[in-house]
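>>> predicted model follows, preceded by the sequence.
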Amino acid sequence: QVQLAESGGGLVQAGGSVTLSCSASGRAFSSYYMGWFRQAPGKEREFVAAISWSGGDTYYADSVKGRFTISRDNAKNMVYLQMNSLKPEDTAVYYCAAGNTGYIQIAEGYDYWGQGTPVTVAS
């Protein structure tokens with residue numbers, strides 16, 4: 001079992017930056033891929049970014065590539081999502097997820113989820 005808890009969301013102006021954090025507890029954190037997903041009101045949950053067990057490989061949705069950066073610290077059981085140049089369309093609840101299926105860009109590829117943290121980007 002892995003328990004995940006996101007933090008760092010809030011209200012930010014367009015063009016601004018925010019860093020989301022995900023704290024993990026439980027067993028073998030470093031054995032999981034970690035991902036960030038988001039869900040805007042009235043829309044389906046969508047993939048944002050993912051990072052491999054070691055942190056050596058990262059993956060991004062086209063909509064955030066070049067603006068968002070995912071990272072992890074296995075010693076601290078933490079995952080981060082640095083979000084720059086935010087746009088109103090980035091407004092959503094952001095979820096941290098852990099999985100080891102290898103299907104990193106779909107929600108079904110993850111076994112554990114946090115409760116989410118809302119990010120609102122004001123224009």
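Now that the structure is in, tell me what you want to look at.
>>> OK, contacts around the most centrally placed residue in the chain?
The residue lying closest to the centre of the chain (Cα atoms, centre = their mean) is residue 36, at 2.2 Å. Residue 36 makes contact with 20, 22, 48, 49, 50, 70, 79, 81, 94, 95, 96, 97 under the criterion Cβ atoms under 8 Å, 6 or more residues apart in numbering. For every residue, glycine as well, the C-beta is placed using N, CA and C.
>>> ok, residue 31 next?
Residue 31 makes contacts with 53, 100, as judged by Cβ under 8 Å, 6+ apart.
>>> low-confidence ranges in this structure?
Nowhere does the chain drop to pLDDT under 70.
>>> now the strands for it?
2-7, 10-13, 18-26, 33-39, 46-51, 58-60, 68-73, 78-83, 92-99, 112-113, 117-122 (DSSP state E).
>>> distance of residue 119 relative to residue 107?
18 Å (Cβ to Cβ, to the nearest Å).
>>> what's the answer for residue 91, then?
19 Å.
>>> repeat for residue 66
With Cβ to Cβ as the criterion, residue 66 and residue 107 are 23 Å apart.
>>> those two: which has the busier surroundings?
residue 107 (17 against 9; other Cβ atoms under 10 Å).
>>> give the buried residues for stretch 32-50.
By 16 or more other Cβ atoms under 10 Å, the buried positions in stretch 32-50 come out as 32-39, 45, 47-50.
>>> would JSON lines of the residues you listed with distance to residue 5 be doable?
JSON lines is the format used below for the buried residues of stretch 32-50 (distance: Cβ to Cβ, whole Å):
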{"residue": "32", "distance to residue 5": "15"}
{"residue": "33", "distance to residue 5": "18"}
{"residue": "34", "distance to residue 5": "13"}
{"residue": "35", "distance to residue 5": "15"}
{"residue": "36", "distance to residue 5": "14"}
{"residue": "37", "distance to residue 5": "15"}
{"residue": "38", "distance to residue 5": "17"}
{"residue": "39", "distance to residue 5": "17"}
{"residue": "45", "distance to residue 5": "18"}
{"residue": "47", "distance to residue 5": "20"}
{"residue": "48", "distance to residue 5": "17"}
{"residue": "49", "distance to residue 5": "18"}
{"residue": "50", "distance to residue 5": "18"}
